[in-house]
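just need the structure, nothing else, for what follows:
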Amino acid sequence: NAITNDAQATIDGSLLSTPGTLTVQADSKAAIDSLSLGVGGGKSAGLAGSVSVNLLDTTAAAKITNSPDIAAAGTVSLIATDDSKIRSLAGSVAGAGTVAAGAAVAVNDIGDRSDPTSGVFAVIENSDVATQADLMLKATTNGTIETISAGGAGAQTAALGGAVSVNDMGRTLQAEIIDSQAIVGTDLTLQATDTSDIQSLAGNVAGAGTAAIGASVAKNFIGNVMTTGLDQSTVTAAVAREETTSQATIQSIAAGGQFAGNFALGGAVTLNEIDHEIAAALRDESRLTTVEGLTLIAKDTAKIESLAGQAAIAVNSAAVAVGVAGATNDISNRVTATVESSTASGNSIDIDAQSTGNIRSLSAGAAVSGGQFSGSIAGALSFNTLDSVIEVTTADSKLSAVGNLLLNATDDATIQSLAGQVAVAVSIGAGIGAAAADNQIGNTLAVIGNNSTFKAGQNLLLQADSVAAIETISAWLVASAAICISG
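Numbers count the residues shown, from 1 in each chain. Presented below is the predicted three-dimensional model:
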């Protein structure tokens, strides 16, 4: 399934005057609802599989370009919004007297980060705009992926089961005034907002009289390029506010269960990554003059919540059960508030780069074997990394405030991690278990004034404030009538 949408609202090469408001608006609302189901059965062998592939590539653009005279008594608004949504279910069930195999695969993709023309744009370029009221440029994406991949297999002798979910979101968001002039009577607002959300479940169950093998894998990625600002432009306003905000969220579950008489092997893995570029800027000889003040904010509140769970049970004599669960979670954003080769003035100036990245991870594995001469191996691994750059930078610029001039970079990073495993061998046997969590916070935080002039009538503050916290638990339980190994 594929949808390619291009919603454009553009004023180009025009002269325009209105005693009221002027609104240029582009909305894209694309949705895919997908169901794929495979069922297989047979006396000796049963095979079943399902595949769901869903692609959304949408653009929403509200623009004023190459227009030498745009005038309005009321508010001028350029609003671009994308509400792309994918909901998919891929399922399979297989059953047979001897051998059964079932697999489900879901692949979902929204946007194309590699294509700078694909995304959400509210832009004034090579134009002159005047309003007695507000000037607003807003670019918003509300992309959502909700997906389930589930596979099941059962047989008297052997069963194989698998589930895979791969989800990707990436696009460009832009709310900018480029190579233009604007006279604003009241408030200037430039806003780019991202609320991308992935909710993913990959699960499998396999059961057999002799052997059962299964795996569940979920891979999720969100990566947007977001910008608000002035580029080689001159603007006057009573109040100016630039705000680039990402609230991207990944919630992922990979789970599996294998049940057999003699041999059960299962694994569950979830791989999650958020990688954004979030920028609010004045660049290339831009000049922003305000009466009351300027606020420039780049803000990241990325969040990953992941669960990897696996259970393997073998119950006959000479039984072996192996269950492993693993999770990797990575947030690597670049959050920047920049004034480069530009001038800004007002009653107050507040320039902020903020990050509150959060990872919550649970990995749990269990293996149980019963009967004479049994063995159990269980493992749980969790790898979590926060590695973002949060910077406020001025270079070759001049900032003048009648009151306060504040430059702040703040980081509040948190990792909460639990890795746990249970390995039990009943009767004569061995139990081996291991649980490990590796958590790293390596964010870079900086406030830099390079070859710049600062003038403050009251307080001048350059501040970098970092608060990082890791909360982790690794727990294990190993029980056996003969040998126990844990770590």
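
what's the nearest residue in space to Ala133 that is not next to it in sequence in contact with, if anything?
Counting by CB to CB, 6 or more residues apart in numbering, Ala133 lies nearest to Thr75, which is 4.5 Å off, once chain neighbours are set aside. For glycine as for every other residue, the C-beta is placed from the backbone atoms N, C-alpha and C. Shown in contact with Thr75 (CB atoms under 8 Å, 6 or more residues apart in numbering): Thr21, Leu22, Thr131, Ala133, Asp134, Leu135, Met136.

how about low-confidence regions in the stretch 151-300 of the chain?
153, 155, 206, 208, 258, 260 (pLDDT under 70).

in it, which spans are strands?
With DSSP state E, counting those that start in this stretch applied, the stretch 151-300 of the chain shows strands at 158-169, 172-178, 181-184, 187-194, 197-208, 211-222, 225-231, 234-246, 249-260, 263-274, 277-283, 287-300, listed in chain order.

let me have the ones you listed in CSV, extended by distance to Ala311 and mean neighbour count.
Output for the strands of the stretch 151-300 of the chain, formatted as CSV (distance: least, CB to CB, whole Å; neighbours: other CB atoms under 10 Å):
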stretch, distance to Ala311, mean neighbour count
strand 158-169, 13, 26
strand 172-178, 42, 25
strand 181-184, 61, 20
strand 187-194, 37, 24
strand 197-208, 10, 25
strand 211-222, 10, 26
strand 225-231, 41, 25
strand 234-246, 36, 22
strand 249-260, 5, 25
strand 263-274, 7, 26
strand 277-283, 40, 25
strand 287-300, 36, 22
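
to Thr472, which of those strands lies closest?
Minimum separation from Thr472 across the strands of the stretch 151-300 of the chain (CB to CB) falls at strand 263-274, 17.2 Å.

how far off centre is the closest one?
Distance of strand 263-274 from the chain centroid (CA atoms, centre = their mean, to the nearest Å) equals 19 Å.

same question, stretch 207-223
23 Å.

go on, stretch 271-280?
Taking mean C-alpha positions (CA atoms, centre = their mean), stretch 271-280 and its chain are 7 Å apart.

pull the contacting residues for Gly304.
In this structure residue 304 is Ile, not Gly. By CB under 8 Å, 6+ apart, Ile304 lies in contact with Thr249, Ile250, Ser252, Asn272, Ile274, Asn329, Ile331, Asn358, Ile359, Arg360, Ser361.

for those residues, which one is nearest Ser233?
Set against Ser233, the nearest of the contacts of Ile304 by CB to CB is Ile274 (30.9 Å).

roughly how far apart are the closest residue to Thr4 other than its chain neighbours and Arg113?
Leaving aside its sequence neighbours, Thr4 sits nearest to Asp57 (CB to CB, 6+ apart; 5.0 Å). Separation of Asp57 from Arg113 (CB to CB, to the nearest Å): 11 Å.

would you map the strands across the stretch 1-150 of the chain?
Ranges of strands in the stretch 1-150 of the chain, per DSSP E, counting those that start in this stretch, are 2-12, 15-18, 22-28, 31-42, 45-65, 69-72, 76-82, 85-96, 99-110, 119-125, 128-131, 135-141, 144-155.

weakest of the ones you listed in terms of mean pLDDT?
Across the strands of the stretch 1-150 of the chain, the stretch with the lowest average pLDDT is strand 31-42; it has a mean of 77.

just the angle for that strand relative to strand 99-110, thanks.
Counting by axes from the mean of the first three to the mean of the last three CA atoms, to 10 degrees, strand 31-42 lies at 170 degrees to strand 99-110.

what distance separates strand 31-42 from the centre of its chain?
Here strand 31-42 is found 27 Å from its chain centre; the criterion is CA atoms, centre = their mean.

what packs against that strand?
Secondary-structure packing of strand 31-42 (3 or more CB pairs under 8 Å, 6 or more residues apart in numbering; DSSP states H and E): strand 45-65, strand 85-96, strand 99-110.

direction included, what does it pair against?
Within its sheet, and counting by DSSP bridges, strand 31-42 is paired with strand 85-96 (parallel).

hmm, back to that, quick one: which of the strands of the stretch 1-150 of the chain is nearest Thr234?
strand 128-131 (9.8 Å).

give me the contact list for that closest one.
With CB under 8 Å, 6+ apart, strand 128-131 has contacts from 22, 64, 67-76, 135, 180-185.

narrow the residues you listed to just the buried residues.
For the contacts of strand 128-131, a neighbour count by 16 or more other CB atoms under 10 Å gives the buried set as 22, 64, 67, 70-76, 135, 180-182, 184-185.

out of these, flag the one nearest to Leu89.
For the buried ones among the contacts of strand 128-131, the nearest to Leu89 is Ile64 (42.7 Å; CB to CB).

which residues does the closest one bridge with?
For Ile64, the beta-bridge partners are Ile11, Ile124 (DSSP bridges).

so what pLDDT did Cys484 get?
Note on Cys484: pLDDT of 45.

separation between Asn141 and Asn1?
Quick fix: residue 141 is Thr, not Asn. 20 Å.
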